[in-house]
Each structure stands twice: as structure tokens, then as C-alpha cells.
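1. got a sequence here, can you model it:
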Amino acid sequence: ETLYSYLKQFGGCSESFHCTEAEKKQGLAVPLFITSDTALHYYHLIFDSSLMRMERDIFFDGLWQFDKTMLSKSIEEYKNTTDGTIREAARKNMAYFSVGLRLLQPIDSQITTAQRLKDKLAEQNNYQVYYSIIAKCGATNTQCIRNYIETNLPNEFSKNALEKYQFEVPNEVKDEVEQEIALINKHEGSENSPIFLYKEDYSQYVPRGHYTQGEKLKNYFKAMMWHGRATMLVKGSEQLKKGQSNCLKTGIISIEDAKIQTSQAVLISKYFGNDENLQKIWQKIYAITSFFVGYSDDLGPYEYLSVMNKTLQGKEITEADMSQIQNNILTSLPNPKIYSGLGDCILTQVDTQSRSEEANQYLQNTKGFRLMGQRYVLDSYLMGQLVSPYSGYYSGDKNNLPFTAVATGVGTTVRGFPRGLDVMALLGSARAKYWLQTLGDDNYTDYDKVFNSLHTEVSNLSNEDWFKNLYFAWLYTLQPLFEKFGSGYPTFMQQESYSDKLLTTALASWTELRHDTILYVKQSYTMSEGGFGPEILPSRSYLEPLPEFYNRLLALVQMTNTGLKSLLSEEEWQKVFPSNVYIDTNQKSNVLDYFSSVLEQLLTISEQELENKELTEKQYEFLDNFNDTCDTLIKGLVGNLKGAEVFEGMDKILKTTLVADVHTDGNTGQVLEEGTGKLKAMMVAYRLPDGRINVGIGPVFSYYEFKQPMDQRLTDEAWRVLLNQNPPQEPKWIQNYTVK
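-> Numbers count the residues shown, from 1 in each chain. Prediction:
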């Protein structure tokens, strides 16, 4: 048996750090060991739930209004211009924004009615919500039922949404729009885009992460993915004819099509620059998502406006201006840093240097305009640099290939997949580096050279770099978990097995980060190539003493609180952290305020533990009743919103069984999946200030890393089925701190 099974014998919770009342009544025969895993998981809950509410209650309607206004302006341009290139660009924009609107717009089968809700709940044998509706509205008051569903099930569409989200696809672009929507809904892999011509990875449009928790979130995911990935390319190739696309060193589309796509971007930027309301909507979405995840490494409306203003100097746009605008964009604006799979490029060179240069050229050829470009994040950049062609060829035992190795179509073996270990090693984990070497995942001709260069880059990051957004700051928070714990720390913390446990904690928390940001993060691509029960004592609970970790997590929570207060209006703040779920009504303490106070106590207690100071009775009571603290956090997160009478998907929000795909390999057509599984129990022995040795038990993450076909990217729901039926093998280092 694993320690997880051991925990279940004594009572506990398997898929949540928050126990149900029934689980709490079972109790544990040993005191609590409060882990860093618990603190990290609760930050994930805050991060994920607040982002989800902003997407649902603020961004969705903003994006709808933005696309609808842009469609109207594009139709007007199409009707009024006589310039052939500009007219075709306007027509293409009509198609582009129609796709965005179609993806947001609910269809009839997505509407939640009382009967559909009853049928759905019957499958779960849970009629609570349905009976609440009937008790309040009766069976025939349709408007009351609509409003009740809208208030109590905000992730879903009520019938009101059918009337609210209305538009017509212009006849001139109906065929292209329908073809594009069909490919997005099929989401099977790389296909040529009917609108943009080049190959696009449509498997990315599978709603996953928290976006499976309701039809409104699913639609938002697909629409934002469209605006994050669809690119209006600036460079064209003389080797391609109009309407053709191929990934060549000289470009991915023809010169004529590049001129049309640049004209599309110029028109969008013109409308954007002349309309303050469009700017306000875009800035609201982009500023908040940038605060959470970071900025795009692609070009957007402001970058294009800067070039247009210098080039046009107030003149109207004509086809004659496009060549100069294109040239200025190519020469004066930065290139993307992460290859997103655009064009499905294939490397043809043999030697490593030439292959790297070829890959960089393909990356530069993807330069262009993205309305809401996916974001540059440190780990995607690092993983993209540690795969082929940059890592060279496999140099290890051909009969014992490591996880990262893939055979190419031209008979070579390359590093097609990165590992979570790469990221942790570059963040400072010596154990991650050890396991990369032990497992053979660094046996590539240029791996060490690239790794050392990247390690220097990461080491040179300043505090300002680490705190420029929540994503970077989350990674920074994990670094204290990689410290070497020597004299002065509890004996269990000085063992290699404990370092492996903390490595798993960091990897699992990183997985939660990737899960929460899966829509916005620009994913990296590899280009194709050719025990025993404890003695029961009247003892004390114990906190995993990691002061610097709690200090950094506290700074992250305070940054989240301060940043959101500056970015949201009072009305918007109420949508995310409504006053009727204040934890302390007198002080108007929201969940972020409360979590900060919890972390301040954890920081103080961890420092006292390392100094071998006796805690106060109040501090021991705080540790002994930590589950009650967690209860309070949960109520602050998923309490009654908008006066709702039922909790908002509490069971789904609290689960630790999450999955996220983080990298795509073009050679095998597979993705790298990072998953967190059911909780395990960690049992530790520690010395109290009075000299007694106690044993405590507490929940810790489990972690999985595995490959999956790209057209079968996993949702959380599919991952939970896989976990129960045929789970992948756990990483080897987990064996160092688990018992059977």
C-alpha cells in the first residue's frame, strides 16, 4: 500500500485538501502535518477561481462587443472602399470577426432549461438545484426560471442568452466561416485554415482546464484561443502563388497574401486607434490577463499603430503604402520568441548549427499580428530551447531510450519532448538535474551547452523580472523548495528523499499553474524532422518549516490582491470577490486578505519551529484546527455569488486531479501532459521543544508526466477517468519517499 492508502485507513480526503464533514468525523489518529502543498493548492484555488469569474462576468461580454463592433466596421469598409487589396482585407476581417462571434454565440443545445437541468441531475442522482428552482419559481414561470439559472448557474447559458447574443454572418464570408468553425469544432490536428491559408493546429481548440465547467466558459475558451493563435503574417515568399501555403525558409504564404493579411492588421489597428471604447475593452482584457500570465511575444494593435503613424503620417491607407509598412514591421519590431506550431514547419538540415538557424528562420517567418496573442512565459521558452534542433542528437544507449527521445522520419533520434524536470533544474533544483542525468534525459550532443546558457539567463533575472506578473512570481515562489536543508532543520528535511518530495510539490504546483493558464500561455512546439501505524501520543500538530517559501507565497498573494484592486473597478471587484462573501464583514476582509493573514501566521510559526521555540496555545490551536481555516477560505472562494442559493461547482473547483498539456512534438504528433493525481499522505517524525519525538501526517501532491496523441488532449474529466482505470506510471523519484 502507499501512504495515501494508509491515510484512508485513518480517515482523510483523497482528491481535495478540504475534507468533507463525513471525512472530518472519521478523524486521524495522529496530529496534523501542515504541508507546503496545502498552501500552494489554496493559492491555485484563488488564482483559478478569480480568473474564471473575470472571464465569465467581465471578459465574455467585452469580447462579444469588441468583435461585433469590429465586424460592423469591416463591413462598412468593404462596402465603401474601391482599393482591391484593402477591400479583400476588409472581407477577410469580416470572416475573422464572424468566427470569433460564432464561437462566443450559444447554440440551442447549450441552453440550460429546467427540464435539461433535471435530466442532467438525474444522471448524478442529485436534484437539489432543480428543486430549488421549482420552489422559487414554480414549473411554469419561464422568466423566473431563466433568471434563476442565470444567477445560480453563471457558467451556463440561460434562454436569455439566445436573445442577448445575436448577429448574422455576412453572405460574402459564410462558406469560409462555416469551414473554419467545422475545423475548430472537430479539433483533430494541423489543417490549412480556410481564412489564413497556413496550417493551424486545431487540436488546441479543445476546451480544457477550468473551461470545461460550463458552456459559457467553453465558448469563451474557443473564441479567445482563436484571437490568441490566428496570425496575420507580415512576410511572404516569392516561391508561393496566391492562395498557396507551405513552410519555406522564404515564408509561409505568398507575397500577395502577406500584403492582404498585413492590410487586415492595419485596418484593425486603424479602427482600434480611432475608437476609445474598443481600446477600453481590449485594455481591460489584456491588462488583467497580462497581470496574471504576462505579455505576448507577438505583435498587436499598439505595435502596428506605432509603425502606421510613422509611415502614413495622417494619410488614408492605400495598397501602395503596404510594402513600406511591411518592411518597417519586419525591420523595426521584435520577432516572436516561441514557435507556436504555425505552418507545421519541418526541418530539413542535418548538422545541428544549420538546423538551429533553420528553426530560427521559421520562427521569424511567423511574425505578424495577433489580436490577443498568447503569452510569452519563461517555462515555455525554456522547454522550447531544450528540444530539437537546439539540443542536438541523442548520444546515449540506443537500446534504452529515455522519455524525451523520439525517432524522426529521417532516421535520427532527437529530443522531441522536454520534461518538467528541465524547468525545475533551471529554477535551481539540484535533484531535478540529478534525475535528468540518472534517467538519461540529458544525453544529447548539445543539451549541456544549451542548459548552461539558459541557466545563466534564469540566474540573471532580477526581482523586478520575477514580480512583473503573477506567473513569474509563482515560479519564483517555488524556488525555496530547492534549498539544501542542513543543521537546524528537522532530520527528515535533511534526507534526499525529502528533497524528492519537495521536487514533486514544485512540479505539481507548476502543473496547477499551467492548468489555470492553459488558454493564455503560448505552448512550445518541437518542429518535425525528416509503513507502519504510529504510536499514539498526546501530541502537537506541526508545520513544514519553510520560512522563505511562506514569505514568497505571502508576497505573491499580496501582489495578487493589490494588483487586482488597481485593475478592477468597484463594480468589477464585486463580481470577483462579492461583499456577501466577505470573511470579516466589519473589516470587509476578502479571501485574499484572509489568506495573507494565514500565511503571516505560517511564516511566524515556521521561524519559531526552526528556532526550537515553544509555540503558544493559540498557535497550536491554529495548527490543530487548520482544516477550519481551510473551510473559511473555501467559503470565501465559492460562497453565494450574486445572492445565489447554491454553491458554484464546489466539488469541481476543489479537486486536485488536474491535467495540462504543455508541449507539442511535431515528429510523433503527441503532446506532453502534466498531471496531478489523488493526494498522498506524508508521515513525518519531528522533535518538539520539550524533547519529545512526535509523528504527524498531512496531505501532499502526487504528480504524473506522460505523452498523449495531440488530437486527444486531455480535459480534467478525461484525466480522472484515466486515473481510475489505467493511470500512467509515476516518476521514479516518487519511489524514494513512498512505501508499499
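2. low-confidence ranges in the stretch 601-740 of the chain?
-> Along the stretch 601-740 of the chain, segments meeting pLDDT under 70 span 638-653, 740.
3. now the strands: where do they sit in it?
-> Assigned by DSSP state E, counting those that start in this stretch, the stretch 601-740 of the chain shows strands spanning 658-665, 670-676, 680-687, 693-700, 703-709.
4. burial count for residue 238?
-> 10 (other Cβ atoms under 10 Å). C-beta here means a position set from N, CA and C on the backbone, and glycine is covered the same way.
5. same check on the one 5 residues further on?
-> Neighbourhood size, residue 243 [other Cβ under 10 Å]: 10.
6. then residue 606?
-> Other residues close to residue 606 by other Cβ under 10 Å number 21.
7. wait, what's in contact with it?
-> 543-547, 550 (Cβ atoms under 8 Å, 6 or more residues apart in numbering).
8. please check these and keep the buried ones.
-> 543-547, 550 (16 or more other Cβ atoms under 10 Å).
9. and which of those residues is nearest residue 288?
-> Checking the buried ones among the contacts of residue 606 against residue 288 by Cβ to Cβ gives residue 550 as the nearest, at 26.6 Å.
10. is it fair to say the closest one lies in a strand?
-> No: counting by DSSP: H, G, I helix; E, B strand; the rest coil, one finds residue 550 to be helix, located in no strand.
11. quick check: it vs residue 592, distance?
-> As judged by Cβ to Cβ, to the nearest Å, residue 550 and residue 592 stand 16 Å apart.
12. ditto for residue 733
-> On the measure of Cβ to Cβ, residue 733 and residue 592 end up 34 Å apart.
13. repeat that for residue 67.
-> Taken as Cβ to Cβ, the span from residue 67 to residue 592 is 32 Å.
14. more neighbours, the two?
-> Using other Cβ under 10 Å as the criterion, residue 67 and residue 592 rank with residue 67 on top: 25 against 22.
15. the more buried one: which element?
-> helix 60-80 (DSSP states H and E).
16. mind listing what's buried in that helix?
-> Going by 16+ other Cβ under 10 Å, helix 60-80 has these buried residues: 60, 63-64, 66-71, 73-75, 77-78.
17. do stretch 726-735 as well
-> 730-731, 733-734.
18. ends of that stretch, how far apart?
-> With Cα to Cα, to the nearest Å applied, stretch 726-735 spans 19 Å between its terminal residues.
19. what does it contact?
-> 431, 435, 438-439, 500, 503-504, 675, 677, 702-706, 722.
20. just the buried members of those?
-> Buried among the contacts of stretch 726-735 (16+ other Cβ under 10 Å): 431, 435, 439, 500, 503-504, 675, 677, 702-706, 722.
21. residue nearest the centroid of the protein?
-> residue 517 (1.8 Å; Cα atoms, centre = their mean).
22. which ones are touching it?
-> So residue 517 contacts 209, 292-293, 375, 377, 471 (Cβ under 8 Å, 6+ apart).
23. turn those residues into JSON lines, including distance to residue 301.
-> Shown next, in JSON lines, are the contacts of residue 517 (distance: Cβ to Cβ, whole Å):
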{"residue": "209", "distance to residue 301": "27"}
{"residue": "292", "distance to residue 301": "20"}
{"residue": "293", "distance to residue 301": "19"}
{"residue": "375", "distance to residue 301": "16"}
{"residue": "377", "distance to residue 301": "22"}
{"residue": "471", "distance to residue 301": "23"}
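24. CSV for those residues, including secondary structure, pLDDT and neighbour count?
-> Listed next are the contacts of residue 517 as CSV, based on DSSP: H, G, I helix; E, B strand; the rest coil; pLDDT from 0 to 100; neighbours: other Cβ atoms under 10 Å:
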residue, secondary structure, pLDDT, neighbour count
209, helix, 94, 23
292, helix, 97, 23
293, coil, 96, 24
375, strand, 91, 25
377, coil, 93, 26
471, helix, 97, 25
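25. out of the contacts of residue 606, which are inside helices?
-> 547, 550 (DSSP state H).
26. in stretch 293-304, what's buried?
-> 293-294, 296-301, 303-304.
27. out of the residues you listed, which two sit at the greatest distance?
-> Among those, 293 and 304 lie farthest apart (Cβ to Cβ), at 21.8 Å.
28. what about residue 84, neighbour count?
-> The number of residues near residue 84, taken as other Cβ under 10 Å, comes to 10.
29. before we move on, what about the one 3 residues further on?
-> Residue 87 sits with 18 neighbouring residues when counted by other Cβ under 10 Å.
30. contacting residues for it?
-> 77-78, 81.
31. between those residues, which is closest to residue 109?
-> residue 78 (32.2 Å).
32. helix or strand: which one has the nearest residue to that closest one once chain neighbours are set aside?
-> Once flanking residues are discounted, residue 78 sits nearest to residue 90: 4.0 Å by Cβ to Cβ, 6 or more residues apart in numbering. Assigned by DSSP H and E, residue 90 falls within helix 84-104.
33. how about residue 306?
-> helix 301-312.
34. dump that helix to CSV, restricted to CA.
-> C-alpha atoms of helix 301-312 as CSV (Å, rounded to 0.1, in the frame of the first residue of the first chain):
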residue,chain,number,x,y,z
PRO,A,301,-2.6,46.8,-32.3
TYR,A,302,-0.4,49.2,-30.5
GLU,A,303,2.8,47.9,-32.2
TYR,A,304,1.2,48.2,-35.6
LEU,A,305,-0.2,51.7,-34.8
SER,A,306,3.3,52.9,-34.0
VAL,A,307,4.6,51.8,-37.4
MET,A,308,1.5,53.1,-39.2
ASN,A,309,1.8,56.6,-37.6
LYS,A,310,5.4,56.9,-38.7
THR,A,311,4.7,55.6,-42.2
LEU,A,312,1.4,57.2,-43.1
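35. so what does that helix touch, helix or strand wise?
-> helix 255-274, helix 319-332 (3 or more Cβ pairs under 8 Å, 6 or more residues apart in numbering; DSSP states H and E).
36. no further queries at this time; thank you.
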